[in-house]
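# next input, structure requested:
(chains A and B)
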Amino acid sequence: MSVKLSSRQVGDVTVIDATGRITLGEGASTFRDTIKELASKGNQKLLLNLSDVNYIDSSGIGELVSGFTTVTNHGGQLKLLGLTKRVKDLLQITKLYTVFEVFEDEAAAVRSFS
Amino acid sequence: MPEQGPQQGSQQGSADIQSVDASLDSTLDSVDVAEADALRVAEEMGFEEDDLHKIGMAVRECMVNAVVHGNRYNVKKHVQFQVSKSPNRLTIFIRDEGEGFELTSLPDPLAEENLLRQSGRGLLLIQAFMDELEVLRGQPNGTEIRMVKYLAQAS
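Below you'll find the model as predicted:
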C-alpha cells in the first residue's frame, strides 16, 4: 500500500497524517505534491504525523528532505511526529535526526510552533 | 521476462546453495519480485522479522539502483539477480548492465553539506542493513553488488 495523506488543523498548525509506505513511485510523489500544495497555499506550520508509516525507503527519505526544504523556502517549518522505531533508525543512520525536529507527543509538537 | 524464477539445487561455492537465479526486466515491478524472492529464502532460513525488514530494504535499494540508475529502465537491459544460502549466511548478488560508477566519486551522504540532498542514501542504507557489501565494476560493463547477511546464532 502506498502512502495515504490527510490534513487537519490544530490551531494554526496543519497536521498531516500519513499512513502506509513512502517509497519510490506513487508514494513518494503523493507526498511531494501534498507538501508543495500546502506550502504554496501559505501553510507555514506543518506537522507530519508518521506514526502509521513503518516503511520509508531512500527515495521516501529524499522526499522528506525535499519537503523540509520546500517548506523552509516558503518561510515555514516542517516538523515530524510519532516516528516508529524503523523510521527513527533510518533518520539516525542518515543523520537526518539532526535536521528535523522530532516529537512523540502531538500537543507538545503543536506548542513548539508558537 | 527471460529465465525468471527460482532454480533449486545448483551449487555456489562449497557450502552455498543457489536458490534464485533470475534475469529481471528493468522495471520497478522487478524490485518487488526480487524483494519477495529474497525474503522467501531468508524466511526459510529462519531470519527474524527485524532482519527480514533489513534484507528486504537492502534488496529494494539495490534493485532500484540497478533499474533506475544502472539500466535506466532500458527494456533491452536486464538485472541479474541471485540468492544463495548456507546454514548461517544469505548471499545476494545483483548485477546491472549500466555504465557503472566509481564508489569514490559519490558524494558522502553524511557530510554536513550533503544532508539536504534529495538522493544518494541507498548504498548507505544497504551498508547499514547488511553484514557485508561489495561493489564491483561488472564485466564487461555495469555494476555488481554482492551483499551478505548472517543468521544470528541462537544463544
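
# what about whichever strand or helix holds B:Ile92, average pLDDT?
Using DSSP states H and E, B:Ile92 maps to strand B:89-95. Average pLDDT, strand B:89-95: 97.

# the strands in chain A, which residues?
Taking DSSP state E to define them, one finds strands in chain A at A:4-10, A:13-22, A:45-56, A:77-81, A:102-103.

# how about the residues of chain B near chain A?
Proximity of chain B to chain A (C-beta under 8 Å from any C-beta of the partner chain) is limited to residues B:28, B:31, B:53, B:57, B:60-61, B:64, B:68, B:109-110, B:115-119, B:121-122, B:124-125, B:128. In this view, the C-beta of every residue, glycine as well, is placed from N, C-alpha and C.

# let's see that with 10 Å instead.
Taking C-beta under 10 Å from any C-beta of the partner chain as the measure of proximity, chain B contacts chain A at B:28, B:31, B:50, B:53-54, B:56-57, B:60-61, B:64-65, B:67-68, B:109-112, B:114-129.

# drop anything exposed from the residues you listed.
Neighbour counting by 16 or more other C-beta atoms under 10 Å in any protein chain shown classes B:28, B:31, B:53-54, B:56-57, B:60-61, B:64-65, B:67-68, B:109, B:121-129 among the residues of chain B next to chain A as buried.

# show me the shaky parts of chain B.
Low-confidence segments of chain B (pLDDT under 70): B:1-14, B:153-155.

# so how many other residues sit close to residue 48?
Just so you know, I chose chain A. Using other C-beta atoms under 10 Å in any protein chain shown, A:Leu48 is surrounded by 27 other residues.

# try chain B instead
Residues near B:Glu48, counting by other C-beta under 10 Å: 11.

# can you give me phi and psi for the residue nearest to B:Gly46 when sequence neighbours are not counted?
Distances taken as C-beta to C-beta, 6 or more residues apart in numbering or on different chains put B:Leu151 closest to B:Gly46, at 6.2 Å, once the chain neighbours are dropped. Per-residue torsions, B:Leu151: phi -80, psi 120 (degrees, to the nearest 10).

# ok, B:Leu151 - contacts?
Contacts for B:Leu151 were tallied using C-beta atoms under 10 Å, 6 or more residues apart in numbering or on different chains; they are B:Ala42, B:Met45, B:Gly46, B:Phe47, B:Glu48, B:Asp51, B:Lys85, B:Ser86, B:Pro87, B:Asn88, B:Arg89, B:Leu90.

# I appreciate the help and will end here.
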